[in-house]
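Visitor: Dropping a prediction and its sequence here:
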Amino acid sequence: MAERRPSTRAKASTAPTTTKPRPQLVAPLATSVVGSYSVPEWLERLKTDYYQRRISGAYLREIHEVAIKAAIKDQESAGVDIVSDGELRRDNDVDYLLARMPGVEIVQLAKAFYSDYYDAVVAHPIPDPEDGEGTPLGLLDDYQFTSQFTDHPVKFSFTGPFSLSRRVKNQAYAKDEDLVMAFARVLAKEAKALSEAGVRIIQIDEPFLAGYPEQVPLAVKAFNAVFDGIDHEKTVCAVHVCYGNRNARPLWEGHYDFLFPRILDANIDQLVLEFARKGYDDLELIKKHVAKNGLSLGLGVINVKSHDVETPEEIAARIRRALRVLPPERIMVNPDCGLRNLPSDIALAKLRALGEGTEIVRREVLGK
Amino acid sequence: MRAKTPVDLGAILSQVTAAARDSTVDLTRLRIVCDWVQYRQNFRNVVDVRHIIPFALQAKDGVDVYEMAVDMRRASTAEDLEAQVTQALNEAAAGEAANGHQYLEDWRPNSQSVIWDFNGLYWGSLGHWEEATGQEYEQALPGGESDARNSAAAREIIEGLFDVWDKLAERKALPEDLHVLELGVGNGNQAKVWLDEFVKIERERHTDYYRRLHYLMADYSAHVLERARENVKEHAARCSSLVMDARVPTQTLGFLRSKAFLIYISNVYDNLPTDEIVRIGGQTYLVEVRAYIPPKEAQELADMLKATPAEIPGLTHRLLQLGPELLANALSDRFPGGVGDAVAFWQKVWDSVRLEERYVAIEGLDTYMIADGVRGEVLRPILTAIGDVRMHISNGAAASFMDSLPLLHPFGQLLCQDIFVTDASAYERSFRGPGKYDGSVVNWVNGSLLAAIGRRNGYEVEYETFQHRGGSNIITLKARVQE
């Protein structure tokens, strides 16, 4: 394909340069998802049937596996470069981890609706994961299943220690910080195993952090604990912070200024942020704080709280705006957050728009 | 039976069964239900017979199945009950050719019936109706006023709101503009009480919230909205008003998404279109209706307008399209007394309208749409928990509720005062509508369903009895984001 000059709007060549080199594990303007994929109503019903003990765990496992294969196919066909398993096995962003977490007690395991939150209690200190063998949460199995069915690099996301701690009644630790760090140690063992198995991007999600801006230092400390020992030459360590997406509804309103400059103390490679729903004014924060740092940006270009499908041109315009702040090799293109609350046809259409819109800008900026 | 004078159920049922035994209907295919239709003005006869139409794959032998519903309240004083049962069964067996009904529509779900056009006409032309009756619509409410006017209730809500704002302000997370939305503002009495109380609390707590307050008043009726504006003129700088369909708030108020700290709805949901479903022996049916004017009343209306009974449906539709004022102008020969005659026709037609009903099997709950984005599947846990039942789906309320939630600020609250059935099993024990309330339609609202919809979308939904007036049927729905 003939090389094209960058558009005058994109101005990629004048974007600030990186001062802290980071390994280039993903292509410039690569596309990805944040994590979850559409959960159709029929799947919700089957999941609920499981939590009400109408179908067995074995049935549900098979159902999930079929759905995950379809989700991978959808992502690939839409032009997503780095795919996920759509988090389709998960009942919600928190309990999938808490229910497996050693030391977390959940008395009532049945649910009226599959995505309801459990009442979880930590009555005794969380066992040190290094005392046991293997990875207690079983996330490695999830990744290995996914990787069988795709040649694309895989992103693996899980909810971070801070947000997990917000959904637990802490009766074991005098300070909530100790519970956060105990969760971080368990997640660190999972992250290490995932990285060694070949996950390209490991992403910590912190959906509740925006509601607790004063807790950013603690969250950063926990990020560093989770990613401790990860080979950054092999795996991109990412953090996703949004304003909440449970049931397609924000939990908080505001701006990302609460993250800065503290988040820069995190030993991470990428920040994955929500922009499409709220607008791109916060790119100024990226320009001010991130441009001179080595971080890359997971740029939210799809509003996951709206059923209106973006056009490829809209996607392209959003990417061009970000290119005024960061060079293409430091931008990854993704939705604002997970797609779980969108109907399947709309989720797929949005991903296709994301793929096509990114392709437009790649041709302009990268000439390919 | 509930009545000041006890009703002898056995005596009524023996008359009903005797008449049914003497009819040509196969008694093995007839079920009988007893109702107590408490609304003096309603859409029912003392005895109504409903055809039960099975799902295609279940229609094996082609034998018709019927349900006969008897209003025990009126049956207890009916002198010709057996004759009415016989007539109803014979008419059902013979079909529409024999009954002399003047139909206003073809079969359809209740929510799409012409009765909702009458409802819309009432709110759109309320001034003419009130002029004819000599009373304001609020006087038709139980107790003569809406419970929303209660200042103690308003104070409780506002103080809760101030607490939330104080906390957000402490965290520098309070937006400059503080939005409150009232859906179904009526004549503005509630808004006035609320805003007056707001100012009092502001003085007590030395805050600066009134200056930042935007009180949005929305109503379907321009007439009552105008009255509301007059009522809150002292707070005019803080108030805006707009005509709006309560079922689709985001169409008009898209700018308010995630910004409303309080959405206040009083006596609106019971007045929005609803379907009904019936569960019989594990099979779910949709109730379809067909509005009609009975022969006697059709003749009286015809005499009134110097027309034939067959012309009444057409004239009724002209009324619903044009409203009484334009109708009187367009058909001055029929309405020589002008708009007053047209309103008299309207009131007489409304008084006469009845609903035929039939039950049509639903293939699967997932195939039935309750509202945009809400499939019938959400009903499954409710239906599984109870046996045979007939219940409202409250489609209009469900649509309004679903479409209002996105307007809430993450720390916002939706409060709705209405007549809710909060336990679905209560539908087994009592008639919950539809009835006629003045010129409008009224149904109790399926609170179990709204709670299920709210929870499915991440909101805590609670119901509590209205605390500030004794003996009230009013229940308050509170919805807020789940922790």
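Guide: Now that the structure is in, tell me what you want to look at.

Visitor: residues contacting the residue in chain A positioned nearest to chain B?
Guide: Here the residue of chain A nearest chain B is A:N247; by Cβ to the nearest Cβ that distance is 3.2 Å. For glycine as for every other residue, the C-beta is placed from the backbone atoms N, C-alpha and C. Neighbouring residues of A:N247 by Cβ atoms under 8 Å, 6 or more residues apart in numbering or on different chains: A:341, B:456-458.

Visitor: And for A:S32?
Guide: Counting by Cβ under 8 Å, 6+ apart, the residues that A:S32 touches are A:26, A:80-84, A:155, A:201, A:298, A:332-334.

Visitor: how much space is there between it and B:V421?
Guide: Relative to B:V421, A:S32 is positioned 48 Å away (criterion: Cβ to Cβ, to the nearest Å).

Visitor: sorry, back to before: need the max-distance pair from the contacts of A:N247.
Guide: Across the contacts of A:N247, the longest distance by Cβ to Cβ is 11.0 Å; it joins A:N341 and B:R456.

Visitor: Pick out whichever of these two has more residues nearby.
Guide: Set side by side, A:N341 and B:R456 give different neighbour counts by other Cβ atoms under 10 Å in any protein chain shown, the larger being at A:N341 (22 against 18).

Visitor: part of a helix, is that one?
Guide: No. Judged by DSSP: H, G, I helix; E, B strand; the rest coil, A:N341 forms no part of a helix; its state is coil.

Visitor: where does it sit relative to A:E41, distance-wise?
Guide: 11 Å.

Visitor: ok, for whichever residue of the stretch 351-483 of chain B sits closest to chain A, nearest residue in space, not its chain neighbours?
Guide: Sorted by distance to chain A under Cβ to the nearest Cβ, the residues of the stretch 351-483 of chain B start with B:G458, at 3.2 Å. If you skip the residues right next to it in sequence, B:G458 has A:N247 as its closest partner in space, 3.2 Å away by Cβ to Cβ, 6 or more residues apart in numbering or on different chains.

Visitor: what's around the closest residue in space to A:P153 that isn't next to it in sequence, how many residues?
Guide: Spatial nearest neighbour of A:P153, excluding adjacent residues (Cβ to Cβ, 6+ apart): A:R200 at 3.6 Å. The burial count assigned to A:R200 is 20, neighbours taken as other Cβ under 10 Å.

Visitor: ok, A:T235 touching A:Q203?
Guide: No. Taking Cβ atoms under 8 Å as the contact criterion, A:T235 and A:Q203 are not neighbours in contact, 10.4 Å apart.

Visitor: Which parts of chain A are helices?
Guide: When secondary structure is read from DSSP state H, chain A shows helices at A:41-51, A:57-78, A:95-98, A:139-148, A:161-166, A:176-197, A:216-226, A:283-285, A:312-323, A:344-365.

Visitor: Residues of chain B that sit close to chain A?
Guide: Counting by Cβ under 8 Å from any Cβ of the partner chain, the residues of chain B close to chain A are B:171, B:173, B:175, B:258, B:366, B:375, B:377, B:380-381, B:405-406, B:409-410, B:455-458, B:481-482.

Visitor: Can you verify B:I370 is assigned to a strand?
Guide: Yes. With three-state DSSP as the criterion, B:I370 is located in a strand.

Visitor: what's the spatially closest residue to B:A452 that is not a sequence neighbour sitting at in phi/psi?
Guide: Counting by Cβ to Cβ, 6+ apart, B:V378 is the residue found nearest to B:A452 once chain neighbours are left out, at 5.2 Å. Note on B:V378: backbone dihedrals following degrees, to the nearest 10 are phi -60, psi -20.

Visitor: can you count the residues close to B:V378?
Guide: When neighbours are defined as other Cβ under 10 Å, B:V378 has 20 of them.

Visitor: I figured it hits B:N457, correct?
Guide: No. Here B:V378 does not reach B:N457: they are 10.1 Å apart, not a contact under Cβ under 8 Å.

Visitor: In the stretch 201-350 of chain B, what residue lies closest to chain A?
Guide: Of all residues in the stretch 201-350 of chain B, the one sitting closest to chain A is B:S258 (5.8 Å; Cβ to the nearest Cβ).

Visitor: is it true that that residue touches B:F411?
Guide: No. Counting by Cβ under 8 Å, no contact exists between B:S258 and B:F411, whose distance comes to 10.3 Å.

Visitor: Spit out the contact partners of the residue nearest to A:V301 when sequence neighbours are not counted.
Guide: If you skip the residues right next to it in sequence, A:V301 has A:R318 as its closest partner in space, 4.5 Å away by Cβ to Cβ, 6+ apart. If you count contacts by Cβ under 8 Å, 6+ apart, A:R318 has them with A:275-276, A:280, A:299, A:301, A:357.

Visitor: Would you convert the residues you listed into JSON lines that also reports pLDDT, distance to B:E131 and neighbour count?
Guide: Rendered in JSON lines, the data for the contacts of A:R318 read as follows (pLDDT from 0 to 100; distance: Cβ to Cβ, whole Å; neighbours: other Cβ atoms under 10 Å in any protein chain shown):
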{"residue": "A:F275", "pLDDT": "96", "distance to B:E131": "56", "neighbour count": "24"}
{"residue": "A:A276", "pLDDT": "96", "distance to B:E131": "53", "neighbour count": "22"}
{"residue": "A:Y280", "pLDDT": "96", "distance to B:E131": "56", "neighbour count": "18"}
{"residue": "A:L299", "pLDDT": "98", "distance to B:E131": "62", "neighbour count": "31"}
{"residue": "A:V301", "pLDDT": "98", "distance to B:E131": "57", "neighbour count": "27"}
{"residue": "A:G357", "pLDDT": "98", "distance to B:E131": "59", "neighbour count": "26"}
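
Visitor: ok, back up a step: do you know how far the residue nearest to A:P153 is from A:S306?
Guide: Using Cβ to Cβ, we find A:R200 at a distance of 29 Å from A:S306.

Visitor: Am I right that A:E253 is in contact with B:P410?
Guide: Yes. A:E253 sits in contact with B:P410 when judged by Cβ under 8 Å, with a separation of 6.2 Å.

Visitor: any residues in contact with both of these two?
Guide: Between them, A:E253 and B:P410 share the contacting residues B:S258, judged by Cβ under 8 Å, 6+ apart.
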